[in-house]
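Q: Build me a structure from this.
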Amino acid sequence: MDNLPRSTGICAHCQTPATKRCSGCRGAAEYDKVTPEPTFYCSSACQTQHWGEHKVKCKQLQARKSLSRAATLLQAILYRIRLHAHIFQFATAHIDGSKVTLDDIQNDKSKAYQPLKAESPRPCLITQSSTDFTDLCSRIEELTVSVHNVRLSIERSDGFPLIETGSHIIYRVVLKSGETWAMDPSGAQYGFSECLYTWSDFEKYRIGKVHFENSLGYHRGEMSRFNGYGLDVSDMVLLDLTSALDEKIPALANVYGGMLNLILQGSDATFQKAKNELLDQLSICVNRCLDEIYAPERVAKKSRMARKTDA
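A: Residues are numbered from 1 along each chain as shown. Model prediction:
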């Protein structure tokens, strides 16, 4: 329970003036234009006595908060992977209307092949370990959609395009309360800064059409099914990277008793600190995975497979 002197209300239990708010559900986002009403208490005793009445609403709002944190964490994971795995690094960006030009600061020609395609981080990079938040949800689906906003153009200073504006993969998440959300960790390529939307808003303002609806992990499974054959070199590296991360990321959860979802708990400051620590460890993990992927024997194998595919 938080004591916020500038915020006052009526105790939910005894109906006297109160300044303390339930910290469990404080800060939950609005859903379908409805902002949650804060729950005030005048004392810890009143909060304890009122828990039987408040717990259903509180747990629903806590799940909403956790989902929001999970979305920002997964987005940060994708961006951190891309930061280390992509061959191009950029120092500055010039924005002219809907055109964004990025200037290179590094182009590592020593790498045998470019690890990731030029478009934005791809959701299939999210490993099963990273999606260990399913206890919040009754259902998670991978959707392939088209988007309304395709005007944004991102390219290198030499004019080489860095995004594709075709189909886009997002997640549709149904919480146990029945709330339906859209999680879009890679929507920045279309100018969408947020990574979590209510499904009704996302469907109305963001997407033009849902092309395919699949269960969680479908696209990862499809890539693995080919075992490298029929894929281009970039996709082979992506498959290698996700497999390597699958092996190493579980070790990062040891700090949280083997459960990454525990990182979502606590105050905002506690979550931010844990998130930053996890991302720092992830950076080390990704670089180790890339060292393995670029081992000469593995590079040679991928090149042979790519030649067979071309033939």
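Q: all contacts plus neighbour counts: C-alpha atoms, from now on.
A: Fine.
Q: and the longest helix anywhere in the chain, average pLDDT?
A: Taking DSSP state H as the assignment, the helix of the chain that covers the most residues is helix 44-85. In this model, helix 44-85 has a mean pLDDT of 91.
Q: just stretch 275-290 next, same as before
A: Per-residue scores along stretch 275-290 average to 88.
Q: any residues touching that stretch, and which ones?
A: The contact list for stretch 275-290, computed with C-alpha atoms under 8 Å, 6 or more residues apart in numbering, reads 73, 76-77, 80-81, 84-85, 241, 244-245, 248-249, 252, 263.
Q: which non-adjacent residue is nearest residue 213?
A: Among residues not flanking residue 213 along the chain, residue 143 sits closest, at 4.7 Å (C-alpha to C-alpha, 6 or more residues apart in numbering).
Q: Would you verify that the one you found is located in a strand?
A: Yes: assigned with DSSP: H, G, I helix; E, B strand; the rest coil, residue 143 falls within a strand.
Q: With neighbour count as extra columns, can I get the contacts of stretch 275-290 in a markdown table?
A: Conversion of those to a markdown table gives the following (neighbours: other C-alpha atoms under 10 Å):
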| residue | neighbour count |
| --- | --- |
| 73 | 23 |
| 76 | 17 |
| 77 | 23 |
| 80 | 17 |
| 81 | 21 |
| 84 | 16 |
| 85 | 21 |
| 241 | 22 |
| 244 | 19 |
| 245 | 24 |
| 248 | 17 |
| 249 | 20 |
| 252 | 19 |
| 263 | 21 |
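Q: between the residues you listed, which is closest to residue 58?
A: Proximity of the contacts of stretch 275-290 to residue 58 (C-alpha to C-alpha) peaks at residue 263, which lies at 19.0 Å.
Q: What's the separation between the closest one and residue 148?
A: With distances defined as C-alpha to C-alpha, to the nearest Å, the gap from residue 263 to residue 148 amounts to 34 Å.
Q: Residue 187 too?
A: Relative to residue 148, residue 187 is positioned 12 Å away (C-alpha to C-alpha).
Q: leaving aside the residues next to it on the chain, what's closest to the residue nearest the centre of the chain?
A: Nearest to the centroid of the C-alpha atoms of the chain, with distances taken as C-alpha atoms, centre = their mean, sits residue 74, at 2.4 Å. Excluding the flanking residues, the one nearest residue 74 by C-alpha to C-alpha, 6+ apart is residue 185, at 6.6 Å.
Q: How about the contacts made by that neighbour?
A: The neighbourhood of residue 185, defined by C-alpha under 8 Å, 6+ apart, consists of 71-72, 74-75, 78, 123, 170, 195-196.
Q: Look at it and give its secondary structure.
A: With three-state DSSP as the basis, the three-state label of residue 185 is coil.
Q: shared neighbours, residue 187 and residue 148?
A: If you check residue 187 and residue 148 against C-alpha under 8 Å, 6+ apart, no residue is contacted by both.
Q: hang on, the earlier thing: report the beta-bridge partner residues of the residue nearest to residue 213.
A: Residue 143 has these beta-bridge partners by DSSP bridges: residue 170, residue 213.
Q: Could you measure from it over to residue 67?
A: When C-alpha to C-alpha is applied, the distance between residue 143 and residue 67 equals 18 Å.
Q: Quick check: chain neighbours aside, which residue is closest to the residue of the chain most remote from its centre?
A: Ranked by distance from the centre of the chain (C-alpha atoms, centre = their mean), the top residue is residue 16, with 42.0 Å. By the measure of C-alpha to C-alpha, 6+ apart, the closest residue to residue 16 outside its immediate chain neighbours is residue 10, 5.5 Å from it.
Q: Ok, residue 77 next?
A: Leaving aside its chain neighbours, residue 77 sits nearest to residue 279 (6.8 Å; criterion: C-alpha to C-alpha, 6+ apart).
Q: Let's verify the one you found: helix, strand, or coil?
A: For residue 279, the secondary structure call by three-state DSSP comes out as helix.
Q: hang on, the earlier thing: tabulate the contacts of residue 185 in a markdown table, adding columns for distance to residue 273.
A: Output for the contacts of residue 185, formatted as a markdown table (distance: C-alpha to C-alpha, whole Å):
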| residue | distance to residue 273 |
| --- | --- |
| 71 | 16 |
| 72 | 13 |
| 74 | 15 |
| 75 | 16 |
| 78 | 18 |
| 123 | 24 |
| 170 | 27 |
| 195 | 20 |
| 196 | 21 |
